[in-house]
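Q: attaching a predicted model along with its sequence, questions to come.
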Amino acid sequence: MRGFCAACGAAGMPVEVLCPEPAGAVVLPVDPSVRVRPLAYFRPRRGQFLSASPGAPEALAQTPSLWAPAAAYSARLTAAVLRRQGGYRALVSHWLVPCAVSGALASSRPHLAIVHGSDVHLLERLSMGRAFARWLVREGLGFAFVSKDLQRRFVALLTPKLADRLHRRSVVQSMGVEPSTLAGGDRQGCRARLGLRGPVVLWLGRFTPLKRPALALDLAEAMPEITVVLAGAGPQESALRRKARSLGRRVRFCGWVDAVGRQDLLAAADVLVITSTALADGRSEGAPVVAPEALVAGLPVVATGVGGLLELADFVGLDLVPDGDVVALAAACRARLASGRLDEDIRADLARELDWRTVLPRLLAPLDL
């Protein structure tokens with residue numbers, strides 16, 4: 001989101017961000033073209049879970065009582081858009097529920113809904129999901145889907161007539177990256193700090209069932225020659241740490257990392273693995289930004305072929321393996337370790353293609369501003 005907002009500001013489109021107030025301290029960006037308005041929506045404040053790990057879909061599934069603060073945020077967001085819409089040229093909603101619904105209820109401004117994955121899954125499961133999807137299309141929104149898979153699943157919720165209207169007002173476009181924040185990390189310094197020697201495989205994300213970080217530990221068992229570094233946090237962390245005890249120093253946990261830490265880890269590692277799965281309830285990956293970020297940093301990627309990840313098959317430097325197949329995952333990692341990091345020409349081509357300056361006009365095209 002930060003990269004998207006910064007790109008809008010750089011293109012002469014100042015942004016005001018309406019977002020959930022976190023339960024803890026609020027850290028605002030320093031970019032003068034981006035104004036953040038955290039919205040308080042529940043008291044006591046510790047009940048404001050929408051900005052916290054493990055993420056809203058997982059939290060709602062685990063604790064149904066959290067639907068109360070979620071509904072409160074929807075109402076607060078709708079009221080905020082209604083009050084402020086006079087100062088907006090257009091609305092851009094990330095996630096259909098609640099953001100696009102709130103924006104469509106409160107404003108008639110040009111409106112783009114960016115669809116990431118968990119929002120479509122929620123509409124597929126809600127009894128009123130089809131009605132919401134059809135209403136949003138009738139309201140004349142533009143849509144940007146981060147993968148063809150998400151577009152296909154959303155279309156399945158529509159009538160043929162509305163599906164035709166959607167195709168005229170939608171694009172499929174993944175989110176962009178900021179190349180300047182990815183290359184140039186301190187490889188030697190990071191490896192020294194973490195005590196890393198030999199081949200290093202990096203896993204980066206939230207410790208949730210969808211991301212399936214346990215497969216990275218299975219990879220460490222299958223490849224005794226590597227060290228696996230897991231950067232992230234989430235509800236499965238305790239179980240992962242217990243499972244990793246038998247692997248000793250061949251597994252390192254880094255916790256959440258900031259932009260500098262991520263840059264250094266992308267430089268220190270030799271392969272990035274993405275181990276996401278397709279869950280039994282139908283939820284799957286959208287288009288995780290960590291894959292293009294790693295490639296732009298020069299780090300080859302091995303990923304499981306599920307959801308939107310299947311659409312990354314044409315990227316130079318990325319290999320797809322069957323969902324849950326640790327043998328195939330290990331074979332692909334060994335091949336990438338043998339071939340080394342991506343050369344400068346490949347990185348430069350990827351950076352030009354994935355840079356926000358290239359991606360933003362494509363993403364905003366359905367707004368017709």
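A: Okay, I see it.

Q: buried sites along the longest helix that the chain contains?
A: When the chain is parsed with DSSP state H, its longest helix is helix 67-84. In terms of neighbour count (16 or more other CB atoms under 10 Å), helix 67-84 has its buried residues at 69-70, 72-74, 76-78, 80-81. C-betas here are computed from N, CA, C, even on glycine.

Q: chain center to it, what's the gap?
A: 23 Å (CA atoms, centre = their mean, to the nearest Å).

Q: now stretch 91-108
A: In terms of CA atoms, centre = their mean, the centre of stretch 91-108 is found 19 Å from the chain centre.

Q: picking up where we left off before, any chance of the buried residues of helix 67-84 in CSV, plus pLDDT?
A: Below are these laid out as CSV (pLDDT from 0 to 100):
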residue, pLDDT
Pro69, 91
Ala70, 91
Ala72, 94
Tyr73, 94
Ser74, 95
Arg76, 96
Leu77, 96
Thr78, 97
Ala80, 96
Val81, 96
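
Q: nearest residue to Met1 other than its sequence neighbours?
A: His94 (6.5 Å; CB to CB, 6 or more residues apart in numbering).

Q: equivalent analysis for Pro38, please.
A: Leaving out its chain neighbours, the residue that sits closest to Pro38 by CB to CB, 6+ apart is Glu21, at 3.9 Å.

Q: wait, doesn't that neighbour sit right on Val36?
A: No - the criterion here is CB atoms under 8 Å, and Glu21 misses it with Val36 at 10.2 Å.

Q: about what we covered before: from His116, how far out is the residue nearest to Pro38?
A: Using CB to CB, to the nearest Å, Glu21 is found at 21 Å from His116.

Q: so what pLDDT did Leu312 get?
A: Turning to Leu312, the model gives it a pLDDT of 88.

Q: wait, doesn't it sit right on Gly305?
A: No - with contact defined as CB under 8 Å, Leu312 and Gly305 do not form a contacting pair (9.0 Å).

Q: shared neighbours of these two, anything?
A: Residues touching both Leu312 and Gly305 (CB atoms under 8 Å, 6 or more residues apart in numbering): Leu320.

Q: tell me which of those two has more neighbours.
A: Per other CB atoms under 10 Å, whichever of Leu312 and Gly305 has more neighbours is Leu312, with 22 against 19.

Q: what about that one, distance to Thr275?
A: In this view, Leu312 and Thr275 are 14 Å apart by CB to CB.

Q: which residues outside stretch 304-314 are in contact with it?
A: 117, 146-150, 174, 215, 274-278, 284-288, 291-292, 303, 318, 320-325, 329.

Q: would you mind listing which of the residues you listed are buried?
A: Using 16+ other CB under 10 Å as the burial test, these include 117, 146-147, 149-150, 174, 215, 274-278, 284-288, 291-292, 303, 318, 320-321, 323, 329 as buried.

Q: list the ones among these that fall in helices.
A: Going by DSSP H, the helices hold 149-150, 215, 291-292, 329 from these.

Q: just those now: which is nearest Arg109?
A: Leu150 (24.1 Å; CB to CB).

Q: my read: the closest one touches Val115, true?
A: Yes - Leu150 is within contact range of Val115, at 5.4 Å (criterion: CB under 8 Å).

Q: which residues are common contacts for these two?
A: By the contact definition CB under 8 Å, 6+ apart, Leu150 and Val115 are jointly contacted by Gly286.

Q: would Arg357 count as being in a strand?
A: No - under DSSP: H, G, I helix; E, B strand; the rest coil, Arg357 sits outside any strand and is assigned helix.

Q: how about the contacts made by the residue nearest to it when sequence neighbours are not counted?
A: Spatial nearest neighbour of Arg357, excluding adjacent residues (CB to CB, 6+ apart): Ala7 at 6.7 Å. By CB under 8 Å, 6+ apart, the contact list for Ala7 reads 176, 356-357, 359-360.

Q: what does the pLDDT read for Ala7?
A: Ala7 is assigned 92 on the pLDDT scale.

Q: distance of it relative to Val15?
A: As judged by CB to CB, Ala7 and Val15 stand 9 Å apart.

Q: show me the helices in the stretch 101-250 of the chain, by range?
A: Secondary structure of the stretch 101-250 of the chain by DSSP state H, counting those that start in this stretch: the helices cover 101-106, 118-125, 129-138, 148-155, 160-168, 187-194, 214-222, 237-244.

Q: for the residue nearest the centre of the chain, which residues are in contact?
A: Centrality entry for the chain: nearest residue to the mean C-alpha point is Pro288, 4.6 Å, by CA atoms, centre = their mean. Counting by CB under 8 Å, 6+ apart, Pro288 touches 205, 274, 276, 308-309.

Q: tell me the pLDDT at the spatially closest residue to Ala303 that is not a sequence neighbour?
A: Among residues not flanking Ala303 along the chain, Ile274 sits closest, at 3.8 Å (CB to CB, 6+ apart). On the pLDDT scale, Ile274 is placed at 97.

Q: Val26 too?
A: Val26 carries a pLDDT value of 65.

Q: do Asp319 as well
A: Predicted confidence (pLDDT) for Asp319: 97.

Q: who is it paired with across the strands?
A: For Asp319, the beta-bridge assignment (DSSP bridges) gives partners Val302.

Q: quick check: it touching Ala303?
A: Yes - with contact defined as CB under 8 Å, Asp319 reaches Ala303; the gap is 7.4 Å.
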